[in-house]
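Q: Turn this into a model:
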Amino acid sequence: MQVRGLFLLLALILLAAAAEAGKNKKEKAKKDGSECEDWRWGPCVPNSKDCGLGYREGTCKDESKKLKCKIPCNWKKKFGADCKYKFESWGGCSAQTGVKTRSGVLKKALYDAQCEEIVYVTKPCSSKIKSKTKGQ
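A: Residues are numbered from 1 along each chain as shown. Below is the predicted model of the structure:
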């Protein structure tokens, strides 16, 4: 009977410790954060050149913050790194222009970025003709 009581007491102590740890984490988040809920975030500005590590400035009433951000160096799209799109497959090659096109529909706008609903991208057609001789 005493063993059962010890187990019950131990379980209650562990439960109380876990609840206190969760409470402390929530309090820390509030201390580090701000009371303001209507933050406006600017674009990610790279530290040098046009890609890599940088920062994003945000304002809310009379407060301002800077967050670290990163623009991938292979991301040179005109619609920006804060606009995420779901793209279709590439279309056929146009003999007149020598390019192929595909469209993307807006999936997510990060940090309240101003994004177009639909974007179109092009790339040059491949000059190589792919053959399917493997596995025959």
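
Q: can you map out the strands along this structure?
A: 40-41, 45-46, 52-60, 63-71, 83-87, 99-109, 118-124 (DSSP state E).

Q: okay, the ones you listed in JSON lines with distance to C93, mean pLDDT and mean neighbour count next?
A: Every residue, glycine included, has its C-beta placed from N, CA and C. Below are those laid out as JSON lines (distance: least, C-beta to C-beta, whole Å; pLDDT from 0 to 100; neighbours: other C-beta atoms under 10 Å):
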{"stretch": "strand 40-41", "distance to C93": "39", "mean pLDDT": "88", "mean neighbour count": "14"}
{"stretch": "strand 45-46", "distance to C93": "34", "mean pLDDT": "87", "mean neighbour count": "14"}
{"stretch": "strand 52-60", "distance to C93": "34", "mean pLDDT": "91", "mean neighbour count": "15"}
{"stretch": "strand 63-71", "distance to C93": "30", "mean pLDDT": "89", "mean neighbour count": "14"}
{"stretch": "strand 83-87", "distance to C93": "17", "mean pLDDT": "91", "mean neighbour count": "15"}
{"stretch": "strand 99-109", "distance to C93": "5", "mean pLDDT": "93", "mean neighbour count": "14"}
{"stretch": "strand 118-124", "distance to C93": "9", "mean pLDDT": "91", "mean neighbour count": "12"}
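
Q: Looking at the ones you listed, which is nearest to Q2?
A: In terms of C-beta to C-beta, the element of the strands of the chain nearest to Q2 is strand 63-71, at 55.4 Å.

Q: Out of the strands of the chain, which gets nearest to R4?
A: Closest of those to R4 is strand 63-71, at 52.2 Å (criterion: C-beta to C-beta).

Q: thinking again about what came up before, I13: which of the strands of the chain is closest?
A: Nearest of the strands of the chain (C-beta to C-beta): strand 63-71, 39.5 Å.

Q: which other residues reach that closest one?
A: Residues outside strand 63-71 that contact it (C-beta atoms under 8 Å, 6 or more residues apart in numbering) are 34, 36, 39, 41, 44, 46, 50-59, 81.

Q: how about 6 Å then?
A: Applying C-beta atoms under 6 Å, 6 or more residues apart in numbering, the contact partners of strand 63-71 are S34, C36, C44, P46, C51, L53, G54, Y55, R56, E57, G58, A81.
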